[in-house]
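>>> Sharing a model that was predicted from the sequence below.
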Amino acid sequence: MGIDYSSVTEVPGNRVTREQLARMFHRYCFAASFCEGKDVLEVACGAGQGLGYLARRARRVVGGDCTEKLVRAARDYYKDRVEVYHLDAHQLPFEDKSFDVVILYEAIYYLAQPEKFLQEARRVLREGGVLLIATANKDWSEFNPSPFSTRYFSVPELKELIKNNGFKVEFYGAFSALPKGVKEKTIATIRKIAVALHLIPKTMKGKEFLKKIFYGRLLPLKEEIEEGVCEYLPPQRISSDSPNFEYKVIYAVARI
């Protein structure tokens with residue numbers, strides 16, 4: 001039996017900060033700009049909160065995850081609206097040239113062999129297809145790795161990995177890593193200390209208590225992302241030649 005990632009995945013019923021919700025909304029707003037009228041595959045879709053948002057724009061959306069509990073949750077919610085599969089990112093169960101867009105959000109750092117996923121993504125993408133990857137920025141000063149992660153990549157490392165597997169790639173950053181105001185600077189300092197001392201809980205549920213103390217009222221995470229739930233500001237193009245310290249979230253847009 002593989003790892004159960006449900007404890008470290010944002011799932012319906014979790015209570016989250018406004019920024020957490022904004023990040024999730026941002027990921028799928030960004031993806032939607034590539035998906036109009038396309039056939040789309042999201043690998044590591046979790047409980048599928050973004051699948052419905054994409055399905056309102058795409059011709060076809062397919063989701064998949066390696067954790068059976070998350071797959072069941074997505075299937076139970078979407079029923080016939082979206083196809084959801086139990087799958088391994090290293091060996092995708094789809095024919096060659098099946099999709100126009102492949103998405104891997106906040107999951108590349110869990111893969112034992114990310115190069116195999118990239119080869120599989122290249123195989124299932126059609127000519128002119130796009131691979132979208134989002135990852136937490138390991139060079140953010142408050143970065144806290146997931147307990148199940150295998151390896152996080154800096155921007156130059158991710159560039160090399162992607163290019164070595166047959167893609168050309170450009171990078172974007174979102175969510176400023178520079179705290180503003182006294183309160184944000186204080187919280188940032190406390191978070192850095194907590195990360196250094198390994199005091200941050202390992203699970204999403206465990207983190208809720210601390211978030212409520214520092215950020216106030218938390219918001220319930222729903223089964224499907226709603227239109228306009230947060231403001232969307234497009235990510236900014238960044239250099240791929242050096243580590244990035246300005247943003248919390250890094251996007252890679254890769255093309256064959």
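Ah, there it is.

>>> drop to CA atoms for contacts and neighbour counts, all remaining ones
Fine.

>>> What is the burial count for L132?
By other C-alpha atoms under 10 Å, the residues close to L132 number 20.

>>> Repeat that for Q91.
For Q91, using other C-alpha under 10 Å, the count is 12.

>>> which one is it nearest to, not counting chain neighbours?
Of all residues not flanking Q91 in the chain, E120 sits nearest, at 6.6 Å (C-alpha to C-alpha, 6 or more residues apart in numbering).

>>> Heading C-terminal from the strand or helix carrying the one you found, find the next helix or strand.
Assigned by DSSP states H and E, E120 belongs to helix 114-124. Note on helix 114-124: by DSSP H and E, the next helix or strand toward the C-terminus is strand 125-136.

>>> Show me what that next one is in contact with.
The contact list for strand 125-136, computed with C-alpha atoms under 8 Å, 6 or more residues apart in numbering, reads 27, 31, 34, 96-109, 121, 143, 248-256.

>>> if we go to 7 Å?
97-106, 248-256 (C-alpha atoms under 7 Å, 6 or more residues apart in numbering).

>>> Of those residues, just the buried ones, PyMOL syntax please.
In PyMOL syntax, the buried subset of the contacts of strand 125-136 is picked out as below (16 or more other C-alpha atoms under 10 Å):
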select buried, resi 99+100+101+102+103+104+105+106+248+249+250+251+252+253+254+255+256
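
>>> show me where the stretch 51-200 of the chain has helices.
51-55, 68-78, 114-124, 155-163, 181-196 (DSSP state H, counting those that start in this stretch).

>>> so which of these comes closest to L233?
Distance to L233, taken as C-alpha to C-alpha, is lowest for helix 51-55 among these, at 17.2 Å.

>>> ok, residues contacting the closest one?
When contacts are defined by C-alpha under 7 Å, 6+ apart, helix 51-55 is touched by residues A32, V61, G63, E224, I225.

>>> Who is the second one paired with across the strands?
Pointing back at V61 there. Beta-bridge pairing for V61 (DSSP bridges): V40.

>>> Distance of it relative to A32?
Counting by C-alpha to C-alpha, to the nearest Å, the separation of V61 from A32 is 11 Å.
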